[in-house]
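Asks: Fold the following for me, if possible:
(6 chains)
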Number of protein chains: 4
Amino acid sequence: MKFNKPKAIYMQIADYICENILAAELKGGDRIQSVREMAAQVEVNPNTVARTFSYLQEKEIIFNKRGVGYFVAEDALERTKAIKKEAFLKNYLPEVFKMMELLGISFEDLQALQKANESAAS
Amino acid sequence: MKFNKPKAIYMQIADYICENILAAELKGGDRIQSVREMAAQVEVNPNTVARTFSYLQEKEIIFNKRGVGYFVAEDALERTKAIKKEAFLKNYLPEVFKMMELLGISFEDLQALQKANESAAS
Amino acid sequence: MKFNKPKAIYMQIADYICENILAAELKGGDRIQSVREMAAQVEVNPNTVARTFSYLQEKEIIFNKRGVGYFVAEDALERTKAIKKEAFLKNYLPEVFKMMELLGISFEDLQALQKANESAAS
Amino acid sequence: MKFNKPKAIYMQIADYICENILAAELKGGDRIQSVREMAAQVEVNPNTVARTFSYLQEKEIIFNKRGVGYFVAEDALERTKAIKKEAFLKNYLPEVFKMMELLGISFEDLQALQKANESAAS
DNA sequence: GTGGTCTAGACCACC
DNA sequence: GTGGTCTAGACCACA
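Replies: A predicted model of the protein is given here:
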């Protein structure tokens, strides 16, 4: 796993888990890797993963069974969607609309860009 | 001026100036407020404004006449557009498209949101 | 049985047994369920129940007949009361009084809360 | 400052700050010691204090001015009271009432204990 | 100067 | 085995 500088690593790991939840690869009740396992896998310090889990638990996306491990909350999908959606609407969209206006980008342009983006990814 | 966002304050001030340039309220050759004036106006430490100017100068959007002050570059509009556009395409859009897919937001939804956004702002 | 509290599970089980003793549902000489039985009943790892019994034995509330099982001590009621009382006076009360002062709760309020609590439980 | 084992140090520091707020020794807008200052004063690692502040910020009891420090929120008193009160009613009181019933302690006893407690403290 | 993050390594209670 | 906490020390961006 590769990490970009501007965002904190522990948040990037959180995002990664959230994406798995949104993609239904992680479902309610599923056990998550242990702190140490995930730390080894993504090659970071266990403390950093612990921070990620603590953050997600705070958001009630995952929960903890004492001495057993972390599990995906039953309503994780809904919560994750709600949180991401709120962040998207509040932080991203206004910026996007402002940009579109300032730069003179129309919705047609946007759609074209998306297609270009998709084909670049594939 | 309020600085609640996670973004660095000096960058927020830079954005503010860029927006004025894009809106043609600041044109090539115009003199910009002095560091101290602007610091007083936006209620911020002069060092912070100095950093903003230094950043914009490095991007060649403004330039410095020793002992006189800072001035908007002749090609500031084009440069600003180019920089913002690049940042938009590279940093924002992919994230936006990912979000739209994960959250199931269509372009029609987006357009509706924009209208709601505009009427809220007015 | 649910274990949501921050308290360690083995202690919650111990509390549960102590309450039965204080309520005279378990009397001196009574045999207690085996580790495996109780583990199955409360849906917990047998090791956890074993720890509960070990803890209670250390407190001399229950005792062990080798190869037969665990039994409630003859003076279990007195011992349990004494232990709980000490813990109550030492750990709980000072905290409660501090809270009452900080939050401005009087004894009259407390009595009212108790009644509300009782009716909610019934 | 002395710390008891069962509770995490960073939470004990948080409690200490909350008590100062409840006692009106810290008011809305007041600046709090810097992470390093407080760490030196209470003789713990700066990381531990950082955790405390992060926790209190999450609870919106304090907030951060970038590069300046932490400040008490304007509504800190209300928030703190609300949080403490909720914890008291939800976690402490039921336990207290259960104890009083099991041990046969009346409200008169409780009041007598409080007086004893006060004189012991003075 | 401020806080934010990360690493490394340790100890603990709990299951 | 699990997570939770703490220490020590480092580096960074920001004001």
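Asks: Show me which residues of chain A are close to DNA strand E?
Replies: By the criterion of CB under 7 Å from any atom of the strand, the positions of chain A lying close to DNA strand E are A:3, A:8-11, A:44-48, A:51, A:66-68. Placement of C-beta: from N, CA and C, glycine included.
Asks: buried subset of the residues you listed?
Replies: A:9-10, A:44, A:48, A:51 (16 or more other CB atoms under 10 Å in any protein chain shown).
Asks: wait, which of the residues you listed is closest to DNA strand F?
Replies: residue A:51 (8.4 Å; CB to the nearest atom of the strand).
Asks: In contact with that closest one, which residues are there?
Replies: The neighbourhood of residue A:51, defined by CB atoms under 8 Å, 6 or more residues apart in numbering or on different chains, consists of residue A:10.
Asks: Does it belong to a helix, a strand or coil?
Replies: In the three-state summary, residue A:51 is assigned as helix, counting by DSSP: H, G, I helix; E, B strand; the rest coil.
Asks: how close does residue A:27 sit to residue A:64?
Replies: Summarising the geometry, the distance separating residue A:27 from residue A:64, computed by CB to CB, to the nearest Å, is 17 Å.
Asks: which residues does whatever residue of chain A ends up closest to chain C contact?
Replies: In chain A, the residue found nearest to chain C is residue A:66; the distance is 6.3 Å by CB to the nearest CB. Contacts of residue A:66 were listed using CB under 8 Å, 6+ apart, and they are C:3, C:8-9.
Asks: where does the residue of chain A positioned farthest from its centre sit relative to residue A:110, distance-wise?
Replies: In chain A, the residue that sits farthest from the middle, by CA atoms, centre = their mean, is residue A:104; the gap is 30.2 Å. When CB to CB is applied, the distance between residue A:104 and residue A:110 equals 12 Å.
Asks: What is the burial count for the closest residue to DNA strand F within chain A?
Replies: With distances taken as CB to the nearest atom of the strand, chain A approaches DNA strand F most closely at residue A:34, which sits 3.2 Å away. Residue A:34 is surrounded by 15 other residues when neighbours are defined as other CB atoms under 10 Å in any protein chain shown.
Asks: What values do phi and psi take at residue A:44?
Replies: For residue A:44, the backbone dihedrals (degrees, to the nearest 10) come out as phi -130, psi 170.
Asks: I'd like to know how far the closest residue to it other than its chain neighbours sits from residue A:37.
Replies: Residue nearest to residue A:44 in three dimensions, not counting chain neighbours: residue A:9, with 5.9 Å by CB to CB, 6 or more residues apart in numbering or on different chains. Relative to residue A:37, residue A:9 is positioned 17 Å away (criterion: CB to CB).
Asks: Relative to the whole chain's centre, how far out is stretch A:93-103?
Replies: Relative to the chain's own centre, stretch A:93-103 is displaced by 23 Å; criterion: CA atoms, centre = their mean, to the nearest Å.
Asks: Go through the buried ones among the residues of chain A next to DNA strand E and name the one nearest residue A:80.
Replies: When those are compared for distance to residue A:80, the smallest value, 16.7 Å, is given by residue A:10; criterion: CB to CB.
Asks: any bit of stretch A:15-26 sitting next to chain B?
Replies: Yes - contact of stretch A:15-26 with chain B (CB under 8 Å from any CB of the partner chain) involves A:19, A:22-23.
Asks: Poorly predicted segments of chain A, please.
Replies: Regions of chain A meeting the criterion pLDDT under 70 cover residues A:121-122.
Asks: Buried residues in stretch A:2-19, which are they?
Replies: Buried residues in stretch A:2-19, counted by 16+ other CB under 10 Å: A:9-10, A:12-14, A:17-18.
Asks: coming back round to it: what are the phi and psi values for the residue of chain A closest to chain C?
Replies: When quoted as degrees, to the nearest 10, the phi and psi of residue A:66 stand at phi -50, psi 130.
Asks: Regarding the residue in chain A that DNA strand E sits nearest to, what is its secondary structure?
Replies: When scored by CB to the nearest atom of the strand, chain A has residue A:67 as its residue closest to DNA strand E, at 2.2 Å. Residue A:67 falls in the coil class when you classify it by three-state DSSP.
Asks: quick one on the thing from earlier: which members of the residues of chain A next to DNA strand E additionally contact DNA strand F?
Replies: Among the residues of chain A next to DNA strand E, the ones lying close to DNA strand F by the criterion of CB under 7 Å from any atom of the strand are A:47, A:67-68.
Asks: I'd like those as CSV, with distance to residue A:93 appended.
Replies: Formatted as CSV, those follow (distance: CB to CB, whole Å):
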residue, distance to residue A:93
A:47, 34
A:67, 43
A:68, 40
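Asks: quick check, nearest of these to chain D?
Replies: If you rank these by distance to chain D using CB to the nearest CB, residue A:47 comes first, at 9.9 Å.
Asks: which SSE is that closest one in?
Replies: In this structure, residue A:47 is located in helix A:46-58 according to DSSP states H and E.
Asks: Work out the gap between that helix and the centre of the chain.
Replies: On the basis of CA atoms, centre = their mean, helix A:46-58 sits 13 Å off its chain's mean C-alpha point.
Asks: mind giving me the domain split of chain A?
Replies: Chain A breaks down into these structural domains: A:9-76, A:77-121 (assignment by automatic domain parsing).
Asks: now the strands for chain A?
Replies: Using DSSP state E, the strands found in chain A span residues A:62-65, A:69-72.
Asks: quick one: contacts of the last one?
Replies: Put plainly, it is strand A:69-72. Taking contacts as CB under 8 Å, 6+ apart, the residues outside strand A:69-72 that touch it are A:21, A:26-32, A:34, A:53, A:56-57, A:61-65.
Asks: Please identify the buried residues of it?
Replies: The neighbour-count criterion (16+ other CB under 10 Å) identifies A:70-72 as the buried residues of strand A:69-72.
Asks: try the first one
Replies: Buried residues in strand A:62-65, defined by neighbour count with 16+ other CB under 10 Å: residue A:62.
Asks: of the buried residues of stretch A:2-19, closest to chain B?
Replies: Within the set of the buried residues of stretch A:2-19, residue A:18 lies nearest chain B; the separation is 8.8 Å, counting by CB to the nearest CB.
Asks: List the contacts of that closest one.
Replies: Contact partners of residue A:18, counting by CB under 8 Å, 6+ apart, are A:56, A:61, A:80, A:83-84.
Asks: Pull up the gap between the residue positioned nearest the centre of chain A and chain B, please.
Replies: Centroid-nearest residue in chain A, with CA atoms, centre = their mean: residue A:15, separated by 2.1 Å. With distances taken as CB to the nearest CB, to the nearest Å, residue A:15 is found 10 Å from chain B.
Asks: Residue A:84 reaches residue B:99, doesn't it?
Replies: Yes - contact between residue A:84 and residue B:99 holds when scored by CB atoms under 8 Å: they sit 6.8 Å apart.
Asks: Look up the closest residue to residue A:117, ignoring the ones flanking it.
Replies: Take residue A:117 and drop its neighbours on the chain: the residue closest to it by CB to CB, 6+ apart is residue B:97, 5.8 Å away.
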